[in-house]
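> Dropping the sequence and predicted coords here.
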Amino acid sequence: MNTLLFLVSKTFYINVLYALILTIVLELLSLIIQREKNIKLYLTVFIVNIFTNVTMNIVLYYIPYKQYYLYLILFEILVVIIEGLIINIVVKDLKKSFRISIANNLISWLGSYLINYII
């Protein structure tokens, strides 16, 4: 195995894992801020983020830099929709589900930005 390729791959996976952990922590904090008490909701947000966050970050890795932000916005919108629909399975209130999804993703995005680029 090429050592350089291994290091790039290892760094890539570490970055994906870091993004996932940061997103999950921030979205669970968002639920606490929103005073959500349904433990199934916390578990749902945790599990759905494993799929949406990892998938989005892997796909974005292959997007050319000039198109990155366009695809990032498109993927974030798609993630809000997917998460809102899945949260609705637990919450059973579509409007509340999308409010939760939007709030979680805004807090996650802003928190990640602050942590990664300002602090």
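All right, it came through fine.
> from here on, contacts and neighbour counts on C-alpha atoms
Noted.
> got the contact list for the helix or strand where residue 79 lies?
Mapping residue 79 onto the secondary structure by DSSP states H and E places it in helix 68-91. Outside helix 68-91, the residues that touch it by Cα atoms under 8 Å, 6 or more residues apart in numbering are 40-41, 44-45, 48, 52, 56, 60, 63, 94, 96-102, 105.
> mind listing the strands for the protein?
Shown for the chain, no strands are assigned by DSSP state E.
> For the longest helix along the chain, list every residue counted as buried.
Determined from DSSP state H, the single longest helix within the chain is helix 3-33. Burial within helix 3-33, assessed by neighbour count using 16 or more other Cα atoms under 10 Å, is assigned to 16-17, 20-24, 26-31.
> Please compute how far that helix lies from its chain's middle.
10 Å (Cα atoms, centre = their mean, to the nearest Å).
> which strands and helices sit next to that helix?
helix 39-61, helix 94-113 (3 or more Cα pairs under 8 Å, 6 or more residues apart in numbering; DSSP states H and E).
> looking at these, which is buried most?
Mean neighbour count (mean count of other Cα atoms under 10 Å) peaks for helix 94-113 among the helices and strands packed on helix 3-33, with a mean of 18.
> List of residues touching it?
22-23, 26-28, 30-31, 76, 80-81, 83-85, 87-88, 91.
> okay, the angle between that helix and helix 68-91?
140 degrees (axes from the mean of the first three to the mean of the last three Cα atoms, to 10 degrees).
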